[in-house]
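Novice: Turn this into a structure:
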Amino acid sequence: MVERFFQDLRQNQLRRGIFRDVRDLISAIAKYIALHNQNPKPFVWTAKATDILEKVTDAVVLAAVEHRHRNLTAWPSEKGANANARAEDRSRQTALHCAA
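Specialist: Below is the predicted model:
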């Protein structure tokens, strides 16, 4: 909602504007807000909270998996044949923790 407001402000008032100083910029923003508030429209939320949370969880898990693939090397302090296995275990635990 807020992002949409600022997108409209940028596109409709600021994008092609010429502002000689900060005072001109503030004036243009105030003018846009005044015009916008003359005919306010309530924001109607159409997405279900469960759908949003599911998408966020999926994104977190995906980010953790991608991070794991990029960082399959062992930590510098770890030596030996099992070092990569321990690094993979940490990545898997991080992904599971983020998904919970």
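
Novice: contacts and neighbour counts: CA atoms only from here.
Specialist: Fine.

Novice: What residues sit buried inside the lengthiest helix in the chain?
Specialist: Identified as the longest helix of the chain according to DSSP state H is helix 49-70. In terms of neighbour count (16 or more other CA atoms under 10 Å), helix 49-70 has its buried residues at 60-61, 64-65, 68.

Novice: Put the alpha carbons of stretch 15-27 into PDB.
Specialist: Output of stretch 15-27 as PDB, limited to C-alpha atoms (Å, rounded to 0.1, in the frame of the first residue of the first chain):
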ATOM      1  CA  ARG A  15       9.600  11.800 -12.500                       C
ATOM      2  CA  ARG A  16       9.700  14.600 -15.100                       C
ATOM      3  CA  GLY A  17       9.700  17.400 -12.700                       C
ATOM      4  CA  ILE A  18      12.400  20.100 -12.500                       C
ATOM      5  CA  PHE A  19      13.200  21.200  -9.000                       C
ATOM      6  CA  ARG A  20      15.600  24.000  -8.400                       C
ATOM      7  CA  ASP A  21      16.000  23.300  -4.700                       C
ATOM      8  CA  VAL A  22      14.600  21.200  -1.900                       C
ATOM      9  CA  ARG A  23      11.900  23.700  -1.300                       C
ATOM     10  CA  ASP A  24      10.500  23.100  -4.800                       C
ATOM     11  CA  LEU A  25      10.700  19.400  -4.300                       C
ATOM     12  CA  ILE A  26       8.800  19.600  -1.000                       C
ATOM     13  CA  SER A  27       6.200  21.900  -2.600                       C
END
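
Novice: Buried residues, that stretch. List them.
Specialist: Those would be Leu25, for stretch 15-27 by 16+ other CA under 10 Å.

Novice: just stretch 29-40 next, same as before
Specialist: Per 16+ other CA under 10 Å, stretch 29-40 contains these buried residues: 29, 32.

Novice: Touching that stretch from outside, list them.
Specialist: Residues external to stretch 29-40 that are found in contact with it (CA atoms under 8 Å, 6 or more residues apart in numbering): 9, 13-14.

Novice: Right, I'll call it a day here.
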